[in-house]
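1. The amino acid sequence is not available; the structure is as follows:
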Ligand code: HEM
């Protein structure tokens, strides 16, 4: 027994032992499993289902040990049946407390406020910004993530969170050593408002001015006044201008649910989803001509919010975390392990793992009332996604083969922000803007990639008006996390049950980074700011963000669905209407939404499979379903290798493939091309040195494309 105890304590990282000591026996056992895999850096290399099991265990532990409610429960019971819709200020969603998750409630926490005791200026935020964050040259995200993906996450942030500010201002002055390297020598901003919680363990907290539910408040506003501003009060619809973009008031501020710190790409997504909302209204009206404006609005809001949540869950997130395990994990969240077809046929009958979180019989908050958290806001500080210039494409001049329209203009990003950005957008128009965003990669979440123009940014008031004093956003973000008591990187990792670092080399292999960290923080790894650590951390292959940030997502992405009664108890045809529910169930991706409103756009301009990848990149297989995952197209030449020739096409584990077509691609000089049809085993194709071959197939009801690796490499050998 003594041996057991001492070997178990030496197995657990010493800094994690105090946390583990508080766990139940069962949870300690689960912790051992994930800790073992963490030490070997193994979980993301495991086969998909084992990887998903690891994430399931981790999520369970975070649900038990990483949720703290801030503030008291002061709401009252209400009649769930009477309030069957999403209210303007987020009230009446929790089954028996009308205030949980409403506008103006406390941010929760995933861990206690920092106990590190470092000062607000230790080290100076502008030193951190200049030496570790400021962009040296633009580091992009490759083909994985485009500007639609970048705008999408801002669109979501503005649905979920914003801290209430105090009326008192703070001024930060540049430290002497870096004064010349800072665009602003000093800057002023409002403190975050701290409010007493009347609780002994967390004495003060901050308030969320947006509704934290996934309720589309970015379109519909966060209170009654916001809601009234955006509605037409006719047929349930929202206001939209004749050119399909947002309407503007006399000051040039867009009329939308949220207008703060907006830029053209963000307001374009708002406009796209206003169109979606209005299309839902049209559809419902066609089926139920007698429904009044109010009911149409309420049903359409439910449907549109669910479409947004679904796109985020099974489309955006899987692009952000592009691994098979996450693809499966996110689909399990929505559809469950048994998959979409089973859920469509039999409904959500088997509980969260087999049938997904959406449609659960009751909302689940694991004993802690729903809110979004301080730590959640901090890990979403991803301004380095933003580039320096917006690349506008010329969609009138067609580039038939490569689908990438030529560049028309490179516009400095600061000209795309606020009112000026709105003017630019109305000249550009929705279609050109969307296609341009689709073709531009966004920035990588990495050190030395914080947009320079944001270090001298005119921020907005809540009503979208410019503030008089520009801010250095990079320095401000460092300050904000410290001001709000968010744990620094190493404390954060410990609290999240992950192995902390003991030296800079544990964080990164890059010598240059280690040197810069040492220059700013000395050898004290405890001082490392969360934002810097998240940007410096070695990334898992396919992940656009750090693993540490991901663990917060893992917990909260599920919570946003499972704690919300409109995604659980009330995700049904009585609340959404039969047609509304069908609308949600048949919309899978942002591409589906784009196809609905711009039927030709994807065909003309999108080569990739999802709207969040760079549009002229190669498509990837939708490998979320087992049999589709197993699809392999291998081709071998039969006959002459030059010019016309016969190719034997071999498809392994073919299932549900209606048609397979080999397509020529690139500048081919041979005349022949093959279009073999069902069930295809042989194809006749032309081949020459410049030929790249691709396949196209009907899979699961939609057309997919992909490169044919074996053929491509073969051809390049000629
Ligand atoms: C042109 C685009 C953008 C502009 C002008 C902008 C500007 C700002 C400003 C001024 C703040 C408030 C700073 C403060 O006083 O604390 C802020 C907060 C924030 N932004 Fe952005 N932002 C943009 C895009 C993005 C994107 C793409 C993300 C990606 C996730 C993002 C995430 C956040 C987060 C998480 C906060 C903290 C919110 C809070 O304190 O509650 N923003 N942004």
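-> Structure's in. What do you need? None of the values given here were measured: they were computed from a predicted structure.

2. Show me what from the stretch 51-200 of the chain comes close to the ligand.
-> 150, 153-154, 157, 161-163, 189 (CB under 6 Å from any ligand atom). Bear in mind the C-beta positions are built from the backbone N, C-alpha and C, glycine included.

3. now do 5 Å
-> 153-154, 157, 161-163 (CB under 5 Å from any ligand atom).

4. Pass me the low-pLDDT residue ranges in this protein, would you?
-> Residues of the chain meeting the criterion pLDDT under 70: 1-9, 398-402, 619-718.

5. Past the longest helix along it, which element shows up next along the chain?
-> Criterion DSSP state H: the longest helix present in the chain is helix 264-287. Per DSSP states H and E, the first helix or strand lying C-terminal to helix 264-287 is helix 293-311.

6. Tell me the secondary structure of residue 98, please.
-> State at residue 98, reduced to three classes by DSSP: H, G, I helix; E, B strand; the rest coil: coil.

7. Quickly note the distance from it to residue 368.
-> In this view, residue 98 and residue 368 are 18 Å apart by CB to CB, to the nearest Å.

8. more crowded one of these two?
-> Ranked by neighbour count (other CB atoms under 10 Å), residue 98 and residue 368 place residue 98 first, with 20 against 16.

9. distance of that one from residue 83?
-> 8 Å.

10. go on, residue 608?
-> For residue 608 relative to residue 83 (CB to CB), the value is 42 Å.

11. So which of the two has more stuff around it?
-> For residue 608 versus residue 83, neighbours defined as other CB under 10 Å are more numerous around residue 608 (22 against 14).

12. wait, isn't that one in contact with residue 602?
-> No. With contact defined as CB atoms under 8 Å, residue 608 does not reach residue 602; the gap is 9.7 Å.

13. Only the buried residues of stretch 41-57, if you could.
-> 43-44, 48, 51-52, 54-55, 57 (16 or more other CB atoms under 10 Å).

14. with those residues in mind, which one is nearest to residue 12?
-> residue 57 (15.7 Å; CB to CB).

15. I'd assumed that closest one was in a helix, is it?
-> Yes. Counting by three-state DSSP, residue 57 falls inside a helix.

16. who are the neighbours in contact with it?
-> Residue 57 makes contact with 30, 33-34, according to CB atoms under 8 Å, 6 or more residues apart in numbering.

17. Name the nearest residue to residue 368, ignoring sequence neighbours.
-> Using CB to CB, 6 or more residues apart in numbering and skipping the chain neighbours, the partner closest in space to residue 368 is residue 67 (4.1 Å).

18. Counting neighbours, what do you get for the one you found?
-> 22.

19. Thought residue 364 was touching it, still the case?
-> No. If you go by CB under 8 Å, residue 67 and residue 364 don't touch, sitting 11.8 Å apart.

20. Get me the contact residues on the protein for the ligand.
-> Residues of the chain lying near the ligand by CB under 5 Å from any ligand atom: 153-154, 157, 161-163, 261, 263, 377, 380, 382, 459, 480.

21. how about 6 Å then?
-> 150, 153-154, 157, 161-163, 189, 261, 263, 377, 380-383, 385-386, 417, 459, 476, 480.

22. In helices, which of those appear?
-> Filtering these for membership in helices, criterion DSSP H, returns 150, 153-154, 157, 377, 476, 480.

23. Kindly reformat these as CSV containing distance to residue 127.
-> Formatted as CSV, these follow (distance: CB to CB, whole Å):
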residue, distance to residue 127
150, 27
153, 28
154, 27
157, 27
377, 23
476, 14
480, 16
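
24. Mind jotting down where the helices sit in the stretch 351-500 of the chain?
-> 351-355, 374-379, 418-428, 430-439, 473-483, 489-495 (DSSP state H, counting those that start in this stretch).

25. Mind checking these for the one nearest to residue 614?
-> Comparing those by their distance to residue 614 (CB to CB), the top pick is helix 430-439, with 6.3 Å.
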